[in-house]
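[1] Here's my sequence, what's the structure:
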Amino acid sequence: MTSSAPGGRAGEPAPSRAQIRRWQRYLADERAEGAIYRDLASRRSGEEREILLELARAEQRHEEHWRRLLGDNLGHPKRAALRTRFIGWLARRFGSVFVLALVQRSEARSQYAADSDATTQMAADEQIHEEVVRSLAARGRNQISGMFRAGVFGANDGLVSNLALVLGFGATGASSATVLFAGLAGLFAGALSMAAGEYVSVSSQRELVDASEPDPQAAAAVKDLDVDANELALVYRARGMAAAEADAYAARVLEGYQSEAAPEGRRADTIGTPWSAAGSSFVFFASGALLPVLPYLFGMSGTPAVLTAGGIVGAALLITGGFVGLMSGASPARRGLRQLAIGWGAAAATYLLGSLFGIVV
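    Numbers count the residues shown, from 1 in each chain. As a prediction, this is how the structure comes out:
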C-alpha cells in the first residue's frame with residue numbers, strides 16, 4: 001500500500017534519500033541566488049534595481065516549491081554549491097558586469113528542465129532569467145566594449161608575438177643578451193604600434209558613427225512640417241522601417257509623440273574614446289609582452305629559458321582566454337584552451353623557423 005510520508009504528497013511514495021538531498025541542494029542554491037540578485041540590486045537604482053528584485057522574488061517562489069516537497073525533511077539549511085557561493089561573494093563586494101556574466105552562465109546551467117521534480121514553469125523561469133541577465137550584462141558590456149576589446153587584443157598580441165620573437169631568436173643560438181634586447185625592443189615597438197593603431201581605428205570608427213547619427217537640428221524642424229505632405233516618414237524608412245510602419249510612426253510623431261524611440265544607429269559612446277583605447281592597448285600589450293622576457297631578465301638561458309617562457313605565457317593565455325569566456329557567457333575552459341593552442345602554435349612555428357635559420361647559418 002502506498003502512503004504519504006513526511007515531505008511527500010498524499011497518495012505518493014515517500015521521497016528517497018537521493019531526492020531529499022537533491023531538493024535540499026536546490027533549496028540552498030535558490031536561497032543563494034535570491035541573495036545574489038538582492039545584493040546586485042543594492043548597488044543599482046531605477047529600472048535595473050527593480051528588474052533584479054523581481055528576479056529575487058522569482059527565486060523565492062522556487063524556494064517555496066522545494067520547501068513544500070521537503071516538508072518535514074527540510075532539515076538544517078544546507079550550503080549552496082561552491083560556484084554559487086563564490087558568485088555571491090563577488091556580488092556583495094563588486095556588483096559589476098563581470099558578476100552578471102557569471103550569473104548568466106549559472107542560470108544557463110539550470111537542471112530543472114531535466115528534473116521531473118521541478119515544474120515546467122520553473123524550468124521556463126530559469127531560461128527567461130538567463131535572457132534577462134544577458135540583457136542586463138549587455139548594457140555593461142557595451143559600456144566597456146571599446147576598452148575591453150583593446151585590452152584583450154593587446155594582451156594576447158603581446159603574449160603571442162613577443163613569445164614567438166623571443167623563441168625565434170633563442171632557437172638560432174643567439175646569446176641570452178641578444179634575446180633579451182630583442183624581446184625588449186619587441187615590447188616597446190609593439191606597444192607603441194598597437195596604441196597608435198587603436199587610436200586611429202577608434203577615431204575613424206567614431207567619425208563614421210557620428211556621421212550616421214541624426215542631426216539634432218532636424219528634430220526641431222518637425223513641428224513646422226505640413227501634416228498632410230511631409231518627408232518625415234522617409235527618415236524612418238531610411239532607418240529600416242517598412243513604408244506603412246514609417247507612415248504610421250510619422251503621424252504619431254506629428255501628433256506630439258517623442259521621436260527618440262525611432263531606430264537609430266549605434267551610439268559612439270559604446271565604442272570608447274581613442275585615448276582610452278590607445279592607453280589600454282599600450283599597457284596590456286606591454287604587460288603581455290613582458291612575460292616571455294622575464295626568464296632572460298633573471299639570467300636564464302638556453303632550453304630552460306625557452307620552456308619557462310612558454311610555460312608563463314601558456315598560463316597567461318589560459319587566464320585571459322578564460323576571462324573572455326566568462327565575460328561573454330561562454331565556457332571559460334574552452335576559450336582558454338583555444339587561446340593556448342593559438343599562442344603555442346604560433347610560437348612553435350617561429351621556434352622551428354629559428355632553428356632552421358640557425359642550422360643554415
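[2] all contacts plus neighbour counts: C-alpha atoms, from now on.
    OK.
[3] Residue 129 reaches residue 54, doesn't it?
    No - with the criterion set as C-alpha atoms under 8 Å, residue 129 and residue 54 do not qualify as a contacting pair; they are 10.1 Å apart.
[4] Looking at the two, which is more packed in?
    Here residue 129 and residue 54 are set side by side on neighbour count (other C-alpha atoms under 10 Å), and the busier one is residue 129, at 20 against 16.
[5] Contacts only, for that one.
    Counting by C-alpha atoms under 8 Å, 6 or more residues apart in numbering, residue 129 touches 55, 107.
[6] What distance do you get for it to residue 247?
    With the distance defined as C-alpha to C-alpha, to the nearest Å, residue 129 ends up 36 Å from residue 247.
[7] Likewise for residue 273?
    Looking at residue 273 against residue 247, where the rule is C-alpha to C-alpha, the gap reads 37 Å.
[8] Could you do residue 135 as well?
    On the measure of C-alpha to C-alpha, residue 135 and residue 247 end up 30 Å apart.
[9] Looking at the two, which one has more neighbours?
    With other C-alpha under 10 Å as the criterion, residue 135 and residue 247 differ in neighbour count, and residue 247 comes out ahead with 18 against 14.
[10] which stretch of helix or strand covers that one?
    Residue 247 is located in helix 243-254, with elements delineated by DSSP states H and E.
[11] So residue 344 sits against residue 316, correct?
    No - with contact defined as C-alpha under 8 Å, residue 344 and residue 316 do not form a contacting pair (11.6 Å).
[12] Helices of the chain, start to end?
    Along the chain, the stretches classed as helices by DSSP state H are 17-42, 46-70, 82-93, 97-108, 120-171, 176-212, 216-220, 232-238, 243-254, 274-290, 294-297, 302-327, 332-360.
[13] Compare those helices and say which comes out lowest on pLDDT.
    Lowest mean pLDDT within the helices of the chain: helix 216-220, at a mean of 52.
[14] First-to-last residue distance for stretch 166-185?
    Where stretch 166-185 begins and where it ends lie 11 Å apart, using C-alpha to C-alpha.
[15] contacting residues around that stretch?
    Around stretch 166-185, the neighbours that count as contacts under C-alpha under 8 Å, 6+ apart are 162, 165, 289-290, 292-293, 296-297, 299-302, 306, 347, 350-359.
[16] Write the ChimeraX selection for whichever of the residues you listed are buried.
    One line in ChimeraX is enough to select the buried ones among the contacts of stretch 166-185; burial here means 16 or more other C-alpha atoms under 10 Å:
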select :162,165,289,290,292,293,296,297,301,306,347,350,351,353,354,355,358
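[17] Show the contacting residues for residue 126.
    Contact criterion C-alpha under 8 Å, 6+ apart gives 107-108, 110 as the residues in contact with residue 126.
[18] if I look at it, how far off is residue 105?
    Residue 126 sits 11 Å away from residue 105, taking C-alpha to C-alpha as the criterion.
[19] now do residue 324
    Relative to residue 105, residue 324 is positioned 13 Å away (criterion: C-alpha to C-alpha).
[20] quick one: contacts for the closest residue to residue 41 other than its chain neighbours?
    Counting by C-alpha to C-alpha, 6 or more residues apart in numbering, residue 49 is the residue found nearest to residue 41 once chain neighbours are left out, at 4.6 Å. If a contact means C-alpha under 8 Å, 6+ apart, then residue 49 has 40-43 as its contacts.
[21] can we see that at 10 Å?
    Under the criterion of C-alpha atoms under 10 Å, 6 or more residues apart in numbering, the contact list for residue 49 reads 37-43.
[22] One more: residue 353?
    Contacts of residue 353 were listed using C-alpha under 10 Å, 6+ apart, and they are 167-169, 171-172, 347, 359.
[23] quick revisit: give me the common contacts of residue 344 and residue 316.
    Both residue 344 and residue 316 are contacted by residue 310, under the criterion C-alpha under 10 Å, 6+ apart.
[24] circling back: which of the contacts of residue 126 tops the neighbour count?
    Tallying neighbours with other C-alpha under 10 Å puts residue 107 at the head of the contacts of residue 126, with 19 neighbours.
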